[in-house]
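*Asks:* Any chance you can model this:
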Amino acid sequence: MRLLNVVVSYGVLLSSFSHASDSAFGDSTGLLQVAATYVNDEPKEFVDDFFEGPEKTLMLKFGTSHLVQGSLRNLPDEAWRDVMHKMGIAILSKVETSHHNGSSTTRGTEGDTGCTAYLLSESSLFVYHDRVVFKTCGLSSPLRGLSLFLDVARGPAASADVGLEQVLYSHPAFMRQEEQSAPHRSWDDEVAFLKALFPAGVERRLGTPDHGTDIFAANFATESTTPWVVAEIYITDLEQPTAQTSFARESKATISAFWNATSPDKTDEFYFEPSGYSANLLHGNAYATMHASPQPSVSYISHATNVLMSSQELQQMVDRTVMLARGRHIGVFLFAFSPAKLLALPMATDGYIHSGAWEADGPGFQTSLLSLTKALPATCSTIDSAVQSTAAGEMIGMALAQHPNACAEFCAST
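*Replies:* Sure, this is the predicted structure:
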């Protein structure tokens, strides 16, 4: 997807750790010790034309009194550009909304902050008054760059959690996790990395290894704070060649119609060559973002937002996304830091069956995941209720979708 690949060396990121103690961090933070484990494990390029679409998402919320500029939005573009540069990522463009006086009950964060959204060579960066959301795909690592975010936002501290109110790290299942760089080669490694910095954090795994979502959350707030919700839709194994057509520059009218229906204040898009699409949209202080790798070998799309929606609006979001890009499997991931209330998962989506639903909670948060699998061909309708609703149904359905001629034989044997 990202053939506008970054020319900045990942070695710059690793060297930044060695300079950390000379700038904002002392050894007491533990960041240097944790990072040192991975210094000799530099990210490598994929061995072929594969691109890892599923995004790693890091959200950090700071106490305002600890911000070096009083607000993250007071930092100049150059500050964020430097952070991204050290991580081997390029800022392509940005859009922003000005300060608003709207109600925080209708949008994703405090009503008087607005948002600055940067479109990146590998996903997106959203900057609020006291919160930053960093989404990155491919081989990029938000965890290895964590010290950079703390440095630019908060400055020196006795430990990594000083000045933080919330930490959230999540990602859907990777397609080829073994090619990631440490600490992303396994969920256990990622958790160990985060636990070393935030011992009070808790990890949760929702769903199956192939179609699940992993989260690590830490809530340090001592009193009620701004509601924070996340709704993300992941679709894999996209229908071909429709997917490549839908996200091609020549089909821009289709994407424009999709976004115009949501009446955004600002829209920022980028079409990658030879394939790939990214978009950031802002509505007041809420964001929506989409990233697509439509090529057959790695086909994937994500659609995420922090809008406080009703259950009906969430259902509409899922249905509209599926109409734009149908695939073999859909994941609907929801997360809420209290006092926000977690929405009910969608009830149904045309052409798909429920293949699993999971819920979990922890200190100050709730989360859930819905797994949907494309319905089997009509010739296999006899096994819909008997098999498709079970945990094995997803695996069976995917196998039969790949080999439709096997339906009759399978049905006859059940």
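
*Asks:* Measure how buried the closest residue to Ser71 other than its chain neighbours is and give me the count.
*Replies:* Leaving aside its chain neighbours, Ser71 sits nearest to His129 (4.8 Å; criterion: CB to CB, 6 or more residues apart in numbering). In this view, the C-beta of every residue, glycine as well, is placed from N, C-alpha and C. Residues lying near His129 (other CB atoms under 10 Å) number 21.

*Asks:* His129 looks like it's in a strand, true?
*Replies:* No - counting by DSSP: H, G, I helix; E, B strand; the rest coil, His129 falls outside a strand, being coil.

*Asks:* shouldn't it be in contact with Leu72?
*Replies:* Yes - with contacts counted by CB atoms under 8 Å, His129 reaches Leu72, the gap being 6.3 Å.

*Asks:* Below-threshold pLDDT in the stretch 251-400 of the chain: ranges please.
*Replies:* Scanning the stretch 251-400 of the chain for pLDDT under 70 picks out 377-400.

*Asks:* quick one: contacts for Leu372?
*Replies:* The contact partners of Leu372, by CB atoms under 8 Å, 6 or more residues apart in numbering, come to His329, Ile330, Gly331, Val332, Thr349, Tyr352, Ile353, His354, Ser355.

*Asks:* again, 7 Å this time
*Replies:* Ile330, Thr349, Tyr352, Ile353, His354, Ser355 (CB atoms under 7 Å, 6 or more residues apart in numbering).

*Asks:* Look up the residues forming beta bridges with the fifth one.
*Replies:* With DSSP bridges as the criterion, His354 is bridged to Leu372.

*Asks:* burial measure for it, as a count.
*Replies:* Neighbours of His354 (other CB under 10 Å): 18.

*Asks:* Ramachandran coordinates for Trp187?
*Replies:* Dihedral pair for Trp187: phi -60, psi -40, per degrees, to the nearest 10.

*Asks:* Hmm, it is touching Gly212, no?
*Replies:* No - between Trp187 and Gly212 there is no contact under CB atoms under 7 Å: 9.3 Å.

*Asks:* Now the common contact residues for those two.
*Replies:* Residues within reach of Trp187 and of Gly212 at once, by CB under 7 Å, 6+ apart, are Arg205.

*Asks:* before we move on, back to that, quick one: the residue nearest to Ser71 and Phe62, what's the gap?
*Replies:* 9 Å (CB to CB, to the nearest Å).

*Asks:* Ser71 now?
*Replies:* 10 Å.

*Asks:* Comparing the two, which shows the higher neighbour count?
*Replies:* Higher neighbour count among Ser71 and Phe62: Phe62, with 24 against 16, using other CB under 10 Å.

*Asks:* So what sits opposite the more buried one in the bridge?
*Replies:* Leu164.

*Asks:* does it really touch Arg154, like I thought?
*Replies:* Yes - contact criterion CB under 7 Å: Phe62 and Arg154 qualify, at 6.1 Å.

*Asks:* shared neighbours of the two, which are they?
*Replies:* Contacts common to Phe62 and Arg154, judged by CB under 7 Å, 6+ apart, are Gly163.

*Asks:* Can you get me a residue count around the nearest residue to Arg154 once chain neighbours are set aside?
*Replies:* Closest residue in space to Arg154, ignoring its immediate chain neighbours: Gly163 at 4.7 Å, by CB to CB, 6+ apart. Gly163 has 21 neighbouring residues, counting by other CB under 10 Å.

*Asks:* if I look at Gly163, how far off is Ala200?
*Replies:* 15 Å.

*Asks:* okay, the contacts of Leu372 in JSON lines with distance to Cys137 next?
*Replies:* Below are the contacts of Leu372 laid out as JSON lines (distance: CB to CB, whole Å):
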{"residue": "Ile330", "distance to Cys137": "18"}
{"residue": "Thr349", "distance to Cys137": "24"}
{"residue": "Tyr352", "distance to Cys137": "24"}
{"residue": "Ile353", "distance to Cys137": "28"}
{"residue": "His354", "distance to Cys137": "27"}
{"residue": "Ser355", "distance to Cys137": "24"}
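
*Asks:* Which member of these is positioned nearest Asp319?
*Replies:* Thr349 (6.1 Å; CB to CB).

*Asks:* quick one, helices of the protein?
*Replies:* Ranges of helices within the chain are 11-19, 31-36, 77-86, 146-153, 187-197, 242-246, 252-260, 311-324, 393-402, 406-412, based on DSSP state H.

*Asks:* Which of the residues in the third one are classified as buried?
*Replies:* Yep, that's helix 77-86 we're talking about. The neighbour-count check on helix 77-86 (16 or more other CB atoms under 10 Å) flags Ala79, Trp80, Val83, Met84, His85, Lys86 as buried.

*Asks:* Check stretch 274-291 too.
*Replies:* If you call a residue buried by 16+ other CB under 10 Å, then stretch 274-291 has these buried ones: 275-291.

*Asks:* Now Arg176: phi and psi?
*Replies:* The phi/psi pair for Arg176 (degrees, to the nearest 10) reads phi -140, psi 70.

*Asks:* got a list of what Ile233 touches?
*Replies:* Residues near Ile233 by CB under 7 Å, 6+ apart: Ser302, His303, Val318, Thr321, Ile330, Val332.

*Asks:* Take those and lay them out in a markdown table including distance to Tyr169 and neighbour count.
*Replies:* Below are the contacts of Ile233 laid out as a markdown table (distance: CB to CB, whole Å; neighbours: other CB atoms under 10 Å):
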| residue | distance to Tyr169 | neighbour count |
| --- | --- | --- |
| Ser302 | 16 | 26 |
| His303 | 20 | 23 |
| Val318 | 24 | 23 |
| Thr321 | 24 | 21 |
| Ile330 | 23 | 25 |
| Val332 | 19 | 25 |
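
*Asks:* Which single one of those is nearest to Thr97?
*Replies:* Nearest member of the contacts of Ile233 to Thr97, counting by CB to CB, is His303, at 19.9 Å.
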